[in-house]
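Chemist: sequence first, then the predicted structure:
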Amino acid sequence: MSLLNPANAIKIEPLRCLRIEHVSNECSKCINACTVEAIGLSTSRRISLDSTKCIGCMACIGVCPTETLVYLDFDPAVFVLQAGVKKDLSLSCKNNNACLSVFNSENLISLGLRHESVNCDMSLCGRCDMNLGGKTAEIIAEHINEANRFLQAANKPLLVISEKKNKLSRREALFSFVKDVNTLRNKESFDALFDPKESLPKSRVVLQNSLKLSIEELPEGKIKENFSFIAHKKIDFVSCDNCGDCIQFCPTKALQYNSDKTKILFQPLRCIACGICDDVCKPKAISSDSELDIVTLAFNRAEILIEHHFEVCTECRVSFPQKGNETICARCVSFVQDHSDLFALARNM
């Protein structure tokens, strides 16, 4: 029996890649996850995949924060929706058509929110040909552990890992990807939930939906946990000059201005912890903390990170964000201080 090569069904959406969003971004999660060096960068810094090297482990898909890499025959976000809401669920590469590495932490959290128990069967990982050096299994375990930290904070049952040392040949592993692929392709009804123009990854859309399903059980107040897929941002009032770079370069529009650009708003649900805002902020006014409000995530609420009062500079006549009672903008202050003799000569003429 001839088997499809999953590598031929992997599609790259280059414009979603964080490396394209900002020139200084050095995200290399997919490259680091690949055990056979099938993923690399082209001369234009775009992600490239060598299908002749790829062994179809799908770890690159599970670690990508923006869903730049997608497997056409298996969509983990759609799988979460198809699994529905029921008591028990078992995740296995043999039953679910894909290696568990294709699920990121958010996918697993959504499954945990939707089911009373989720068993992650890793019994076939031990000698799987796609688990070179145990790296794929390590990635799966990391995602499960992170999902469990979130589920614990949300007062939900934890995911369970079952492990036994069984042998799974590469042929069997590849067959598990394609044996029920037709049922996964029939997902038109779910596609309506995802706006193709939306910059937010599908997994985040499903996570919000899953949180809403459990809204009555979610804890009120903020939790203090750090996660790799989301961050809570804060802005230092004194340092911020309201340049707007953080807003301009945010790939998911988590940071936005209000109508008159006096306030910077933040939607935690839209943050993917890419760190671009931290990199582009010249005065280093923006940072992250470990506070997270799960109910705020469920309803995609926005919060005001900073509010500026604007005054017109008496020197250049351009409005600037006033920090105290100053009447001259920071640019003019430094110029006046460095060239005070020139200003004196001008006044005496």
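Modeler: Happy to help now that I have it. Worth saying up front: this structure is predicted, and the values here are computed from it rather than measured. Numbering: from 1, shown residues only.

Chemist: so how many other residues sit close to K86?
Modeler: 10 (other CB atoms under 10 Å). Heads up, the C-betas are built off the backbone N, CA and C, glycines and all.

Chemist: and it, bridged to which residues?
Modeler: Applying DSSP bridges to K86 yields these beta-bridge partners: H115.

Chemist: list the contacts of it.
Modeler: Applying CB atoms under 8 Å, 6 or more residues apart in numbering, we find K86 in contact with R114, H115, E116.

Chemist: which among the residues you listed count as buried?
Modeler: Neighbour counting with 16 or more other CB atoms under 10 Å marks R114, H115 as buried within those.

Chemist: now the contacts of K86 in a markdown table, with distance to I272?
Modeler: Listed next are the contacts of K86 as a markdown table, based on distance: CB to CB, whole Å:
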| residue | distance to I272 |
| --- | --- |
| R114 | 22 |
| H115 | 25 |
| E116 | 29 |
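
Chemist: looking at the contacts of K86, which is nearest N226?
Modeler: Nearest to N226 out of the contacts of K86 is R114 (CB to CB; 24.3 Å).

Chemist: so who does that closest one touch?
Modeler: R114 sits next to V80, A83, G84, V85, K86, L89, S210, L213 when contact means CB under 8 Å, 6+ apart.

Chemist: just these: which are in helices?
Modeler: Those of the contacts of R114 mapping onto helices are V80, A83, S210, L213, per DSSP state H.

Chemist: who touches I230 in this structure?
Modeler: By CB under 8 Å, 6+ apart, the contact set of I230 is P268, C271, I272, A273, L292, L297.

Chemist: coming back round to it: which of the contacts of R114 count as buried?
Modeler: Looks like the contacts of R114 have V80, A83, L89, S210 buried, using 16+ other CB under 10 Å.

Chemist: wait, which of the residues you listed is closest to D278?
Modeler: S210 (28.2 Å).

Chemist: let me see the domain layout of the protein.
Modeler: Recorded structural domains for the chain (assignment: automatic domain parsing) are 6-215, 225-307, 310-348.

Chemist: those domains into JSON lines, with extra columns for mean pLDDT?
Modeler: Output for those, formatted as JSON lines (pLDDT from 0 to 100):
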{"stretch": "domain 6-215", "mean pLDDT": "84"}
{"stretch": "domain 225-307", "mean pLDDT": "94"}
{"stretch": "domain 310-348", "mean pLDDT": "75"}
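
Chemist: how many other residues sit next to the closest residue to D121 other than its chain neighbours?
Modeler: The shortest distance from D121 to any non-neighbouring residue, by CB to CB, 6 or more residues apart in numbering, is to S92 (4.0 Å). The tally of other residues near S92 (other CB under 10 Å) stands at 18.

Chemist: perfect, I'm done here.
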